[in-house]
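Below are the sequence and a predicted model; questions follow.
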Amino acid sequence: MSANPSIIAPPARLLLATDLSSRCDRALDRAAQIAGEWQAELIALNVLDVAASPDQALAWATGADADCVLKIARQQLARDLSGLDIRATMQMARGGDAAATIREAAASTDCGLVITGVARNEFFGRCLLGSTVERLARSLPQPLLVVRNRVRGPYRRIVVATDFSVSSRHTLLATARLFPGRELILYHACEIPLDGVSDRPSKTRLNCDIEQGECAEFLATSELPADTRIRSVIEQGALETTLTQYVRNHEIDLVAMGTHGRSGVMNILLGSTAAKLLDWLPCDSLVVREPRAARLGHVPAAVRH
């Protein structure tokens, strides 16, 4: 594995997208932890939404104008950021398309990572699908970190889900750049043959042997930094169930995944498998778009093999 100069340094700026509700507190804590670890500047963005804040809703209901409501939101965000031992700045925006506003803010401030919380109602939508998070994952050029758990220190146990596609390789390289020095676990789910019940064990072994060979070739052709520590795990079964179980059994902190892949399994936020995966995973998720998909402005259709 040769060192790739383009994946050496973590980003200098991070964008936290927050609705100022308690469910985004974990995202704020994680953003502050990462900003401190990377010596990066944190930009905290709130897209004004009176439905997300009781103070804002009350002000609006009593006839306050937009400037007054914006002032209330700014004061709350300032309180949330006070006391953090990092460089932090605030940005406020008025309503509209939250996902588009977040994308524009990330681009204009040259942020290399966007961080937000997971929620099941109101601002970020029910269960991710149809939500701001989904729209960001479809169109955001930067990696998107969706925070679910409390912060108990830096990410240590990181899984990179793979189907050995170009998108998976980009996800692996991006994860190695963002979290240098960690041991990365390259995880692949090997589908169990459904036909020929009598010879299923032999077919399963053959499939897994083939997948092991593909995994070795995938790693050999990935230009990872020289100090990257990585090991591979291949398990049998559907990705959403096997990976969820693996995360729970091994106390994984973070799962990184691409936006599409050759088998459709990595067709994040488009197919039912990926929807289940993001909903079921009991840990934080990092969604990484392939550069080509970002340039085209859409997620290409998966090519099945």
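Looks like it arrived, so ask away. Numbering: from 1, shown residues only.

where does this protein dip in pLDDT?
Scanning the chain for pLDDT under 70 picks out 1-8, 49-67, 95, 119-130, 192-209, 260-278, 292-305.

can you list the domains in it?
As given by automatic domain parsing, the domain ranges for the chain are 5-147, 158-296.

so can I have TSV of those domains showing mean neighbour count?
For glycine as for every other residue, the C-beta is placed from the backbone atoms N, C-alpha and C. As requested, the domains of the chain are exported to TSV (neighbours: other C-beta atoms under 10 Å):
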stretch	mean neighbour count
domain 5-147	18
domain 158-296	18
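
Who are the packing partners of the host helix or strand of residue 134?
Per DSSP states H and E, residue 134 falls inside helix 132-139. When contacts are defined as 3 or more C-beta pairs under 8 Å, 6 or more residues apart in numbering; DSSP states H and E, helix 132-139 packs onto helix 98-108, strand 113-117, strand 144-147.

any chance of the ones you listed in a markdown table, plus distance to residue 90?
Compiled in a markdown table, these are given as follows (distance: least, C-beta to C-beta, whole Å):
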| stretch | distance to residue 90 |
| --- | --- |
| helix 98-108 | 11 |
| strand 113-117 | 15 |
| strand 144-147 | 19 |
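
Out of those, which is closest to residue 12?
Closest approach to residue 12 among these (C-beta to C-beta): strand 113-117, 10.4 Å.

Taking helix 132-139 as reference, get the angle to the closest one.
Per axes from the mean of the first three to the mean of the last three C-alpha atoms, to 10 degrees, the angle that strand 113-117 makes with helix 132-139 is 160 degrees.

Count the neighbours of residue 152 for me.
Per other C-beta atoms under 10 Å, the neighbour tally for residue 152 reads 10.

Start and end of stretch 16-28, how far apart?
In stretch 16-28, first residue to last residue: 7 Å (C-alpha to C-alpha, to the nearest Å).

Toward the C-terminus from the host helix or strand of residue 159, list the very next helix or strand.
In the assignment (DSSP H and E), residue 159 maps to strand 158-161. With elements assigned by DSSP H and E, the helix or strand that comes after strand 158-161 is helix 166-178.

All the strands of the chain, in order from the start?
13-17, 41-48, 87-94, 113-117, 144-147, 158-161, 183-190, 229-236, 254-258, 284-288 (DSSP state E).

Let's have the ones you listed in TSV, adding distance to residue 24.
Shown next, in TSV, are these (distance: least, C-beta to C-beta, whole Å):
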stretch	distance to residue 24
strand 13-17	8
strand 41-48	9
strand 87-94	14
strand 113-117	4
strand 144-147	8
strand 158-161	23
strand 183-190	28
strand 229-236	32
strand 254-258	18
strand 284-288	14
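
what about those strands, which gets the closest to residue 35?
The closest approach between residue 35 and any of the strands of the chain, judged by C-beta to C-beta, belongs to strand 41-48 at 4.2 Å.

what does stretch 142-150 rub up against?
The contact list for stretch 142-150 (C-beta atoms under 8 Å, 6 or more residues apart in numbering) reads 15, 26-27, 29-30, 34, 106, 111-118, 128, 133, 136-137, 174, 178, 253, 278, 281-289.

What distance do you get for residue 41 to residue 168?
Distance, residue 41 to residue 168, by C-beta to C-beta, to the nearest Å: 30 Å.

Ignore what I typed, I meant residue 191.
For residue 191 relative to residue 168 (C-beta to C-beta), the value is 16 Å.

Same check on residue 18?
Taking C-beta to C-beta, one finds residue 18 at 30 Å from residue 168.

separation between the residue lying closest to residue 280 once chain neighbours are set aside and residue 32?
Spatial nearest neighbour of residue 280, excluding adjacent residues (C-beta to C-beta, 6 or more residues apart in numbering): residue 244 at 4.6 Å. Here residue 244 is placed at a distance of 28 Å from residue 32 (C-beta to C-beta).

ok, now residue 75?
As judged by C-beta to C-beta, residue 75 and residue 32 stand 19 Å apart.

Please apply the same query to residue 168.
30 Å.

Next: residue 46.
Distance, residue 46 to residue 32, by C-beta to C-beta: 16 Å.

ok, which stretches of the stretch 201-305 of the chain are helices?
Applying DSSP state H, counting those that start in this stretch to the stretch 201-305 of the chain gives helices spanning 239-249, 272-280, 291-296.

what angle do the first one and strand 254-258 make?
In terms of direction (the same axes, to 10 degrees), helix 239-249 departs from strand 254-258 by 160 degrees.

angle of helix 239-249 against strand 229-236?
130 degrees.

heads up, I number from 9, so please use that
Got it, first residue is 9 now, which makes that one helix 247-257.

by contact count, what packs against helix 247-257?
strand 166-169, strand 191-198, strand 237-244, helix 280-288.
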